[in-house]
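Undergrad: I'd like to go over a predicted model; first the sequence, then the structure.
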Amino acid sequence: MHLDEQRRPPGLAPSFFGYSIGRWEGNTLVVDTSGFTAQAEGFGFDRPSSAAKHVVERFSLSADRKHLLYEATMEDAEYLQGAVTHRSQWDYRPDQKPTENPCDAAAARRFATGE
């Protein structure tokens, strides 16, 4: 993510993860991502997406500062009739311990490279 840019550089090649520009709106981090390649499986959930996909994510802390509030709005005129918004809350859980399961490097590589 690029916090020091106002817009995507011209001529930038599309990529699996797109090109993200971040900015602060008060205490909310806004991440605006475009420049995706078309994907037969979209970005998961077995739904395709086009190179026109545009995603805006918002991250903010709750008033008690123990929850991260997340909102993502996706637009893709080729596959969606309108914007779709997902909201969730991530809880601060210092009592949680990392899993002891080893990472499957081959499976992880598929997601990291967009293969």
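TA: Received it, and whenever you're ready, just let me know what you need.
Undergrad: so what's the closest residue to F36 other than its chain neighbours up against?
TA: Among residues not flanking F36 along the chain, G18 sits closest, at 4.2 Å (C-beta to C-beta, 6 or more residues apart in numbering). Bear in mind the C-beta positions are built from the backbone N, C-alpha and C, glycine included. Residues in contact with G18 (C-beta atoms under 8 Å, 6 or more residues apart in numbering) are T33, S34, G35, F36, K53, V55.
Undergrad: Can you give me the neighbour number for the closest residue to S15 other than its chain neighbours?
TA: Distances taken as C-beta to C-beta, 6+ apart place T37 nearest to S15, at 6.1 Å, with adjacent residues excluded. Residues lying near T37 (other C-beta atoms under 10 Å) number 15.
Undergrad: I'd like to know how far T37 sits from A13.
TA: 9 Å (C-beta to C-beta, to the nearest Å).
Undergrad: R23 now?
TA: 23 Å.
Undergrad: Ok, E75 next?
TA: Going from E75 to A13 by C-beta to C-beta gives 21 Å.
Undergrad: Looking at the two, which is more packed in?
TA: For E75 versus A13, the count of surrounding residues by other C-beta under 10 Å is larger for E75: 15 against 7.
Undergrad: Name whatever forms a beta bridge with the more buried one.
TA: Going by DSSP bridges, E75 is paired in beta bridges with H54.
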